[in-house]
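1. have a look at this prediction, sequence included:
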Amino acid sequence: MPCHPYDLRHSYAIRASVVERLPLSTAAAFMGHSVEVHTKKYHRWLSYQTNREVYDRVVLKKLPESF
């Protein structure tokens, strides 16, 4: 396997709260920790591109090109 199983957890954490738009409290609860731990541990890995896509979707009301 080209990645470590723990990498999947990081991917899930970001995907759940950013891509799938789950509330942070829900994503954190699913993973068994607090919102503070969730944001400190996982959201620091958000890329510029991911942040830009979220900004476009939320602020500019743009749909991703994949739709």
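-> Great, that's in hand. Numbers count the residues shown, from 1 in each chain.
2. contacts, neighbours, all on C-alpha from now
-> Will do.
3. what residue is smack in the middle of this protein?
-> Centroid check for the chain by Cα atoms, centre = their mean gives Ile14 as the closest residue, at 2.1 Å.
4. all the helices of the protein, residue numbers only.
-> 5-14, 24-31, 35-41, 48-58 (DSSP state H).
5. report the buried residues of the last one.
-> In terms of neighbour count (16 or more other Cα atoms under 10 Å), helix 48-58 has its buried residues at 53-54.
6. what does stretch 21-38 give?
-> 24, 26-28, 34-35, 38.
7. what does stretch 17-30 rub up against?
-> Stretch 17-30 is contacted from outside by 13, 16, 34-35, 37-38, 54, using Cα atoms under 8 Å, 6 or more residues apart in numbering.
8. per-residue confidence for Met1?
-> As predicted, Met1 sits at a pLDDT of 62.
9. roughly how far does the nearest residue to His38 once chain neighbours are set aside sit from Leu22?
-> In this structure, His38 finds its nearest non-sequential neighbour in Ala28, 5.7 Å apart by Cα to Cα, 6 or more residues apart in numbering. Plainly put, Ala28 is 10 Å away from Leu22 if you go by Cα to Cα, to the nearest Å.
10. one more: Ala13?
-> On the measure of Cα to Cα, Ala13 and Leu22 end up 10 Å apart.
11. for Val59, same thing?
-> For Val59, the distance to Leu22 - Cα to Cα - is 17 Å.
12. what do you get for Lys61?
-> Lys61 is 18 Å from Leu22, by Cα to Cα.
13. same check on Tyr55?
-> Tyr55 is 16 Å from Leu22, where distance means Cα to Cα.
14. next: Ser47.
-> Distance of Ser47 to Leu22, given as Cα to Cα: 19 Å.
15. pick out the most distant pair among the buried residues of stretch 21-38.
-> For the buried residues of stretch 21-38, the farthest-apart pair by Cα to Cα is Thr26 and His38; their separation is 10.4 Å.
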